[in-house]
Structures are given as C-alpha cells and as structure tokens.
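Engineer: quick one, what's the 3D model for this:
(chains A and B)
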Protein chains: 2
Amino acid sequence: MDFTKLNGLVPAVVQDADSSEVLMVGFMNETAVTQTRETGYVTFFSRTRNTLWTKGETSGNRLKVVSLVVDCDEDTLLVQARCEGDGNVCHTGRRTCFFTPLAPDN
Amino acid sequence: MDFTKLNGLVPAVVQDADSSEVLMVGFMNETAVTQTRETGYVTFFSRTRNTLWTKGETSGNRLKVVSLVVDCDEDTLLVQARCEGDGNVCHTGRRTCFFTPLAPDN
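Structural biologist: Reported below is the predicted structural model:
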C-alpha cells in the first residue's frame, strides 16, 4: 500500500459485512494494517492520541474483519467487518457514526 | 464540519445509493463541500493536482448526490450518490475503485 500521501496513514472505511452500512472511517499506519491482518480485528492509528488503538478494546464492540480490499491507487482501505458486543460502533451508542445529515449551515 | 485535522480536508466516502457498494474515497476542502451541495454533483479537492475536480467532468460519469451525512465528530463525509454515464466510477473501467483484496505482501 501507499502510505506516502498522508504522512504515513491511509483512510480505512469500515463497512458492515452484512448490511453494507458504512459504520465509520478511521486511519491506519502500516503497523495498524499489519496488526489488523494478524489479529483479525480492526486496529487504527489515533491521530489525536498518536498511538495504535484496537476499536472496541474498552467497550467490547470490536470489529471482526471479514475482508480487506484496497482501492485502485492503493492509498485507501475498505474493511468489511462485523461488530461484536452490543453491535454499536459509534461512541454515542449508535450502530454507525454516520447519522447526521449535513445541515445547510455546516 | 471540522477541516482542521487534515490540513483543510475531510475524507469523503462515496457509496452507491442503491446497491450500498462503496465506490471510492476522495478528499474535500470546504469549497469542494459547498460546490458539491450547490451543484448536486460530487466535487473533490485533488491533493496531487492541488485543485478542485468534479468527478466525471471528463468521462461523463458524474456522481449525482442523493444524500450527505457527516460522522459523529464532523470530520468525515458520507456521500450517497448515483453514477451517471456508463456507471463506472473507477478510472480502470470498473464500477468501484475497491476491487483488489489486500495481498499478503502488501
């Protein structure tokens, strides 16, 4: 993969493997990609905390990888996954982080 | 929206409004978001060419916006859209840019 375009990171889109709903977008560095593949659970690189974090490591709502697909220019990852625990991916307690229609003043 | 985390850009995930397939990921700056909303067609900011580009402006395969949804921390956009023209989003002539399973040596 090409990690050069974004200072060592690529965006990773997490899609529900069953419903095809887009659940969240995070970023991965090369180590996060390796860890995601080796463990079978989605691990991101936190830009704000500057560290790796396995999604759901605290809540139990881990994302079990079903498939990993790179895009045509190899700078973005599509992760098809199933959410464990209560099935809610968003920290607000919703299934997905995408629940707010873009408002006119945004 | 919060454009501060990525030097004025946010990732924009384009999802087929009918099939729910993830078609591509691009980046938008604030002007690209405004133009996307005003025209109803997806416009990105090209990081390599440092300019706005309306997807499909040459090929005719424009992406007509069906809905725009921001994520919980307002730093990512989900665009549900329909592809016009021949319906192929990827420059390789495929419907989606995501067609390559991540290989073991990637």
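
Engineer: now stretch A:56-66: mean pLDDT?
Structural biologist: Taken as a whole, stretch A:56-66 carries a mean pLDDT of 95.

Engineer: tell me, how many residues neighbour residue A:12?
Structural biologist: 24 (other Cβ atoms under 10 Å in any protein chain shown). In this view, the C-beta of every residue, glycine as well, is placed from N, C-alpha and C.

Engineer: apart from its neighbours in sequence, what residue is nearest it?
Structural biologist: residue A:77 (4.4 Å; Cβ to Cβ, 6 or more residues apart in numbering or on different chains).

Engineer: tell me what the one you found is bridged to.
Structural biologist: For residue A:77, the beta-bridge assignment (DSSP bridges) gives partners residue A:12, residue A:70.

Engineer: what parts of chain A come near chain B?
Structural biologist: Residues of chain A lying close to chain B by Cβ under 8 Å from any Cβ of the partner chain are A:1, A:5-6, A:11, A:13, A:15, A:19-22, A:24-25, A:33, A:37, A:47, A:67-74, A:76-78, A:90-92, A:94, A:97-102, A:106.

Engineer: buried subset of these as a ChimeraX selection?
Structural biologist: The following ChimeraX line selects those of those that are buried, judged by 16 or more other Cβ atoms under 10 Å in any protein chain shown:
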select /A:1,6,11,13,15,21,22,24,25,33,47,68,69,70,71,72,76,77,78,90,97,98,102
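
Engineer: the residues of chain A next to chain B in helices, which ones?
Structural biologist: The helices, defined by DSSP state H, take in A:33, A:37 from these.

Engineer: just the residues of chain A next to chain B: which are in strands?
Structural biologist: Mapping the residues of chain A next to chain B onto strands (DSSP state E) picks out A:11, A:13, A:15, A:22, A:24-25, A:67-71, A:77-78, A:98-101.

Engineer: pLDDT weak spots in chain A?
Structural biologist: Scanning chain A for pLDDT under 70 picks out the ranges A:104-106.

Engineer: can you do 90?
Structural biologist: Scanning chain A for pLDDT under 90 picks out A:47-48, A:103-106.

Engineer: contacts for stretch A:52-69, please.
Structural biologist: By Cβ atoms under 8 Å, 6 or more residues apart in numbering or on different chains, the residues outside stretch A:52-69 that reach it are A:14, A:17, A:23-24, A:26, A:29, A:31-32, A:35-37, A:39-46, A:77-89, B:98-102.

Engineer: pull the CA atoms of that stretch into PDB?
Structural biologist: C-alpha atoms of stretch A:52-69 as PDB (Å, rounded to 0.1, in the frame of the first residue of the first chain):
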ATOM      1  CA  LEU A  52      -2.500   2.500  17.900                       C
ATOM      2  CA  TRP A  53      -5.900   1.600  19.200                       C
ATOM      3  CA  THR A  54      -8.000  -1.500  18.600                       C
ATOM      4  CA  LYS A  55     -11.500  -0.400  18.100                       C
ATOM      5  CA  GLY A  56     -13.700  -1.800  20.900                       C
ATOM      6  CA  GLU A  57     -10.800  -2.600  23.200                       C
ATOM      7  CA  THR A  58     -12.600  -0.900  26.100                       C
ATOM      8  CA  SER A  59     -16.300  -1.300  25.100                       C
ATOM      9  CA  GLY A  60     -16.000  -4.900  23.800                       C
ATOM     10  CA  ASN A  61     -17.500  -3.700  20.500                       C
ATOM     11  CA  ARG A  62     -14.600  -5.000  18.500                       C
ATOM     12  CA  LEU A  63     -14.800  -5.100  14.700                       C
ATOM     13  CA  LYS A  64     -14.100  -8.600  13.400                       C
ATOM     14  CA  VAL A  65     -12.600  -8.400   9.900                       C
ATOM     15  CA  VAL A  66     -14.400 -10.200   7.100                       C
ATOM     16  CA  SER A  67     -12.400  -8.800   4.200                       C
ATOM     17  CA  LEU A  68      -9.800  -6.200   3.400                       C
ATOM     18  CA  VAL A  69      -9.900  -4.500   0.000                       C
END
